[in-house]
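Novice: With the sequence up front, the predicted model follows.
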Amino acid sequence: MKIRLHEIGDEPYLWQEEVRMPVSALDRPELLELGPIDWRGEIRPVEPGWLLRARVSYDQTLACQRCLAAVTEPVAEELELLVLRHEAGAEEEERELAEKDLGVLVVEGEELDLDPILHEQLQLNVPMRPLCREDCAGLCPSCGADLNQGPCRCGPRAVDPRWEGLAVLRDSLPGGREE
């Protein structure tokens, strides 16, 4: 959705839409499914630009990083940005972003495209390492059994021979393993 900034008068411009976005658009392998996205907000004139306030809510289904179980979680986030228009002919120079700049969006021209803002919010709300629960035991590396359901039948695992030297060192230190 695009908003023509020059057409916003004294009253705020309100929008509300239901968006459907394919999971592939976010390119996040841990994201299995996105429910319908409720995207609403307002934009009103303020000095020196416009104030955008928005709310996004939806359900997302993620794969647990340890056991691969599907986990559905609701998301409801609010967003507030100061929208400024980039002045034509203004010099572009590199500068370090300060914390106050994080809530500022500079747009080129007369239109504000809301789609990249929504896309960014969806990306930010996908956890880096989703878990079905904090104490998830994961999968057995030998047989692939879900260890949350109970122990597997693999029995004791053989120690990787590359780690044997460290095991000897650990056992020789005070407080090391006692057999």
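Specialist: Sure thing, it's come through. From a predicted model like this one, the values you see are computed outputs, not experimental measurements. Numbering: from 1, shown residues only.

Novice: what's stretch 156-165 in contact with?
Specialist: Contacting residues not belonging to stretch 156-165 are listed as P141, S142, A167 [CB atoms under 8 Å, 6 or more residues apart in numbering]. C-beta here means a position set from N, CA and C on the backbone, and glycine is covered the same way.

Novice: chain center to that stretch, what's the gap?
Specialist: 37 Å (CA atoms, centre = their mean, to the nearest Å).

Novice: Let's see that stretch as PDB, backbone CA atoms only.
Specialist: What follows is stretch 156-165 as a C-alpha-only set of coordinates in PDB (Å, rounded to 0.1, in the frame of the first residue of the first chain):
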ATOM      1  CA  PRO A 156      25.100 -45.100  25.800                       C
ATOM      2  CA  ARG A 157      26.800 -43.200  22.900                       C
ATOM      3  CA  ALA A 158      30.400 -43.800  22.000                       C
ATOM      4  CA  VAL A 159      32.600 -40.800  22.500                       C
ATOM      5  CA  ASP A 160      34.000 -39.200  19.400                       C
ATOM      6  CA  PRO A 161      37.700 -40.200  19.300                       C
ATOM      7  CA  ARG A 162      38.600 -36.600  18.500                       C
ATOM      8  CA  TRP A 163      37.500 -35.500  22.000                       C
ATOM      9  CA  GLU A 164      39.300 -38.300  23.900                       C
ATOM     10  CA  GLY A 165      42.300 -36.100  24.700                       C
END
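
Novice: mind giving me the domain split of the protein?
Specialist: Under the assignment automatic domain parsing, the domains of the chain span 2-124, 138-179.

Novice: Lowest average pLDDT across the ones you listed?
Specialist: The minimum mean pLDDT among those belongs to domain 138-179 (a mean of 83).

Novice: How about the contacts made by the nearest residue to L84 once chain neighbours are set aside?
Specialist: Counting by CB to CB, 6 or more residues apart in numbering, G49 is the residue found nearest to L84 once chain neighbours are left out, at 4.2 Å. The neighbours of G49, taking CB under 8 Å, 6+ apart as the test, are L82, V83, L84, R85.

Novice: Can you add distance to R66 and neighbour count and give the contacts of stretch 156-165 back as TSV?
Specialist: Output for the contacts of stretch 156-165, formatted as TSV (distance: CB to CB, whole Å; neighbours: other CB atoms under 10 Å):
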residue	distance to R66	neighbour count
P141	11	10
S142	16	12
A167	24	13
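
Novice: tell me the phi and psi of A76?
Specialist: The phi/psi pair for A76 (degrees, to the nearest 10) reads phi -140, psi 110.

Novice: Many thanks, have a good one.
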